[in-house]
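[1] coords please:
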Amino acid sequence: MLDKDQWFTEICTQDGSAFSLKTSAKLHEEQTAYQRIEIYATEKFGNLMVIDGYYMLTARENFFYHEMLSHPALFAHPAPQTVVIIGGGDCGTLREVLKHEGVTRALQVEIDERVTRLAEEFFPELCSSNHDTRAELLFADGIRWMKDAAPGSVDIVMIDSTDPIGPAEGLFTEAFYRDCYRALGDHGLLVQQSESPLYHMGIIKPMRAAMQSAGFRDTQTLFFPQPCYPSGWWSATLAGKQSLDGQFRESDARDKRFETRYYNAAIHRAALAQPEFFSRELG
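    All right, here's what the predicted structure looks like:
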């Protein structure tokens, strides 16, 4: 919500916390068929996108999320060529995926085209790879797309979704993970943003269980900072059709031929270290 002094605040009532950014102008607001989107200029964090009252991204610190959702999975697969992004309408994850020269096809399936069109207008730096010949933008229901995908046709599925409410709720179910499993090749990987380990163990634990029930042999949750999201501490969860142990192509990550702002081989390794409370809660 925006107060009289132009501070936009997202209040996390259930955990007694809030995060605020000082804005200088509202640049855009619209109600789409799926959600309400607002764009603000902020004083220190660049442009801000808000969906249904929740922070989605800022120009200043989105790189944590986009890099950590994409590169760990790409460097955990032996030879990723076909990547499907479910959601990801701001196109930041697509940009990171296409930094990998071995990727031959990156399909982004976003249900709300307006997210992408507004990102192109207000976050053009995130959309710099939209016209790459390997990129495909499809505005459709990602749940339906995965259900119809040909078996074994995808190397990595990246689920870059909002919280598990509204249009994104179906992306956190065993049935959806089963469709992803079927679409993935023998060494296939799924990665999904998995909320805050401090606030949302009630989401992370059943998510991992549903992935395993859907057939995935192994799951790993990795951790990274995300200042504008509740608690400032976020996660992504990997699920593999094969064991994930020893699959990290560390030398390739260390010798990567593209620039990142946060991700590197040491960060990848460190992000997989599990806090004591997290291991205990998983049992």
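[2] what's the pLDDT at the closest residue to residue 183 other than its chain neighbours?
    Nearest residue to residue 183 in three dimensions, chain neighbours excluded: residue 149, at 3.8 Å (Cβ to Cβ, 6 or more residues apart in numbering). Every C-beta, even on glycine, is put in place using the N, C-alpha and C of the backbone. Reported pLDDT at residue 149 in the predicted model: 98.
[3] now residue 171
    Reading off the model, residue 171 has pLDDT 88.
[4] And the closest residue to it other than its chain neighbours, how close does it get to residue 126?
    On the basis of Cβ to Cβ, 6+ apart, the spatially nearest residue to residue 171 that is not a chain neighbour turns out to be residue 161, at 4.9 Å. Computed with Cβ to Cβ, to the nearest Å, the distance linking residue 161 and residue 126 is 16 Å.
[5] One more: residue 195?
    To residue 126, residue 195 is 22 Å away according to Cβ to Cβ.
[6] just checking, what packs against the helix or strand hosting residue 203?
    Mapping residue 203 onto the secondary structure by DSSP states H and E places it in helix 201-213. In terms of contact count using 3 or more Cβ pairs under 8 Å, 6 or more residues apart in numbering; DSSP states H and E, helix 201-213 is assigned the packing partners helix 174-183, strand 218-225, strand 233-240, helix 276-282.
[7] Surely the residue nearest to residue 183 touches residue 179?
    Yes - in this structure, residue 149 is within contact of residue 179 by Cβ atoms under 8 Å, at 7.2 Å.
[8] what's next to the helix holding residue 203, contact-wise?
    Helix 201-213 is touched from outside by 164, 172-174, 177, 190, 192, 194-195, 197, 219, 221, 235, 237, 239, 278, 281-282, with contacts defined as Cβ atoms under 8 Å, 6 or more residues apart in numbering.
[9] Select only the buried ones of those in ChimeraX?
    One line in ChimeraX is enough to select the buried ones among the contacts of helix 201-213; burial here means 16 or more other Cβ atoms under 10 Å:
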select :164,172,173,174,177,190,192,194,195,197,219,221,235,237,239,278
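[10] Specify the local secondary structure of the closest residue to residue 30 other than its chain neighbours.
    Take residue 30 and drop its neighbours on the chain: the residue closest to it by Cβ to Cβ, 6+ apart is residue 37, 5.7 Å away. When the structure is reduced to helix, strand and coil (DSSP: H, G, I helix; E, B strand; the rest coil), residue 37 reads as strand.
[11] Please list all residues in contact with residue 37.
    Neighbour list for residue 37: 28, 29, 30, 31, 49, 50, 51, 114, 115, 118 [criterion: Cβ under 8 Å, 6+ apart].
[12] tell me the two of those residues that are most distant?
    Looking at those by Cβ to Cβ, the two members farthest from one another are 31 and 49, with 14.7 Å of separation.
[13] ok, residue 118 - contacts?
    With contact set as Cβ under 8 Å, 6+ apart, residue 118 has these partners: 28, 37, 39, 49.
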